[in-house]
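In: Give the three-dimensional model of this entry:
(one chain, ligands or ions: 1)
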Amino acid sequence: MAAAAASAAIPLVLVVEDEPAQREVLVYNLEAEGFRIAKAATGDEALLLTAELAPDLIVLDWMLPGVSGIEVCRRLKTRDETRGIPVVMLSARSEEVDLVRGLETGADDYVVKPYSVVELMARIRAQLRRTRPAALGQRLAFGDIVLDAEQHKVFRGDTMLRLGPTEFRLLAAFMEKPGRVWSREQLLDRVWGRDIYVDARTVDVHIGRLRKALCRDGGADPVRTVRGAGYALG
Ligand code: CA
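Out: The predicted model follows:
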């Protein structure tokens, strides 16, 4: 249970590739980067798993049996719930017209096979640095609060704050998207993980602890309670 909770803040990458050998190469390298992995071999499976798991990024092969990668991408990018998930398309096609088509469907990046694993991983990290900066070890700032994900430290002004691991992950989620209103369920998914059951009121308890830690020296409370919706930073 503790391991599942600890892993919840680690980015989840969905690998969509029908060729087993190519899929395993991707999985191997993404695991080596420290990401959590989900796998799909068809477009239908990719759409199902995206709805079920809400991955942080999708590596999507263009040529798939059934629903093509292009169509999967187009569908994901037309839905509000999935639009924000970065999609890195893989394709054996190198013609410029295909590249344009790939980007027109809303793919965030595009890599042509045979690709360099080093380059692909760099592009994946670049996308995740944009959407999951704390998970990628970036230093985040909000007002006088600084969260150093690499050193696992939080400062308010010059004071180092002592946060528990859950409060740290809560603050990291907030600081990755200042102003975003998170429902309790969304915070449970991000901070505790989907695979374990935690009562929604547990979120309130840890929000309370986070506020207490942030305001210990009399600073203003940066966490906003949004009635009927959840919580936001700022
Ligand atoms: Ca393929």
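
In: how about the residues of this structure that lie near the ion?
Out: Taking C-beta under 5 Å from the ion as the test, the list of the chain residues beside the ion reads 18, 61, 63. In short, each C-beta sits where N, CA and C put it, glycine included.

In: How about the most centrally placed residue in the chain, nearest residue that isn't a chain neighbour?
Out: By C-alpha atoms, centre = their mean, the chain has its centre lying nearest to residue 56, at 3.2 Å. In this structure, residue 56 finds its nearest non-sequential neighbour in residue 11, 4.0 Å apart by C-beta to C-beta, 6 or more residues apart in numbering.

In: Neighbours of the one you found, how many?
Out: 20 (other C-beta atoms under 10 Å).

In: got a pLDDT number for it?
Out: On pLDDT, residue 11 comes in at 93.

In: so it touches residue 37, yeah?
Out: No. Between residue 11 and residue 37 there is no contact under C-beta atoms under 8 Å: 10.0 Å.

In: can you pull the contacts of the residue nearest to residue 56?
Out: By C-beta atoms under 8 Å, 6 or more residues apart in numbering, the residues touching residue 11 are 35, 36, 56, 57, 128, 132, 135, 136.

In: I'd assumed residue 85 was in contact with the third one.
Out: Yes. Judged on C-beta under 8 Å, residue 56 makes contact with residue 85 at a distance of 7.1 Å.

In: tell me the mean pLDDT for stretch 88-106?
Out: pLDDT averaged over stretch 88-106 gives 75.

In: just checking, residue 30 touches residue 14?
Out: No. Residue 30 is not in contact with residue 14 according to C-beta under 8 Å; the separation is 10.0 Å.

In: overlap in contacts of the two?
Out: 37, 59.

In: circling back to that earlier point, just the ones of the residues of the chain next to the ion in strands?
Out: residue 61 (DSSP state E).

In: Between the residues of the chain next to the ion, which sits nearest residue 89?
Out: Each of those was scored against residue 89 by C-beta to C-beta, and residue 61 proved nearest at 7.9 Å.

In: Please name the bridge partners of that closest one.
Out: Note on residue 61: beta-bridge partners by DSSP bridges are residue 90.

In: In space, what's closest to residue 53 - neighbours in sequence excluded?
Out: That would be residue 38: by C-beta to C-beta, 6+ apart, it lies 5.5 Å from residue 53.

In: thinking again about what came up before, take the residues of the chain next to the ion and write them to JSON lines, including distance to residue 187, neighbour count and pLDDT.
Out: Below are these laid out as JSON lines (distance: C-beta to C-beta, whole Å; neighbours: other C-beta atoms under 10 Å; pLDDT from 0 to 100):
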{"residue": "18", "distance to residue 187": "35", "neighbour count": "17", "pLDDT": "96"}
{"residue": "61", "distance to residue 187": "33", "neighbour count": "25", "pLDDT": "94"}
{"residue": "63", "distance to residue 187": "38", "neighbour count": "15", "pLDDT": "89"}
